[in-house]
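Enquirer: Here is the input, now give the coordinates:
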Amino acid sequence: MARLLRVVTIVCSLATGWFAAREIYLMLPAWQGESWPWVVLDLGSLLLAFSLVFVVVYFVMDDTWRRLLAKKERPPES
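Expert: Residues are numbered from 1 along each chain as shown. So this is what the prediction gives:
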């Protein structure tokens, strides 16, 4: 179960990071005729967006799974 949740967390994090980078890519101007430093700067911003969103979603989902599955913090059954 823990391995399945880990895989789901990683897949969801990768997907949201990819969508964030895709949205930023759609906002960038065309690279035709641009000098290479500007293209590298754009690629760096895409990588940064992907990384930040991936890390945030990964840790939030991982923490959520841990809290939901922790036996100490469950409310008492009535």
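
Enquirer: switch to C-alpha atoms for all contacts and neighbour counts from now on
Expert: Will do.

Enquirer: what about the residue nearest the centre of the chain, distance to Glu34?
Expert: Nearest residue to the geometric centre of the chain (Cα atoms, centre = their mean): Phe54, 2.0 Å. Per Cα to Cα, to the nearest Å, Phe54 is found 29 Å from Glu34.

Enquirer: one step back: what about the residue nearest to the centre of the chain, helix or strand, and which?
Expert: helix 36-69 (DSSP states H and E).

Enquirer: what's that helix packed up against?
Expert: When contacts are defined as 3 or more Cα pairs under 8 Å, 6 or more residues apart in numbering; DSSP states H and E, helix 36-69 packs onto helix 2-27.

Enquirer: Output the contacting helices and strands for the helix it packs on.
Expert: helix 36-69.

Enquirer: Show me what counts as buried in the helix it packs on.
Expert: Using 16 or more other Cα atoms under 10 Å as the test for burial, helix 36-69 gives 42, 46, 49-51, 53-54, 57-58, 61-62.

Enquirer: Would you format the residues you listed as CSV with distance to Tyr25 included?
Expert: Supplementary listing: the buried residues of helix 36-69 in CSV, determined by distance: Cα to Cα, whole Å:
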residue, distance to Tyr25
Asp42, 8
Leu46, 7
Ala49, 10
Phe50, 11
Ser51, 14
Val53, 15
Phe54, 16
Val57, 20
Tyr58, 22
Met61, 25
Asp62, 28
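
Enquirer: quick check, nearest of the residues you listed to Ala2?
Expert: Asp62 (10.4 Å; Cα to Cα).

Enquirer: how deep is the nearest residue to that closest one once chain neighbours are set aside tucked in, by neighbour count?
Expert: Excluding its sequence neighbours, the residue lying closest to Asp62 (Cα to Cα, 6 or more residues apart in numbering) is Thr9, at 6.7 Å. Neighbours of Thr9 under the rule other Cα atoms under 10 Å: 20.

Enquirer: Thr9 contacts Tyr58, correct?
Expert: Yes. Using Cα atoms under 8 Å, Thr9 is in contact with Tyr58, at 6.1 Å.
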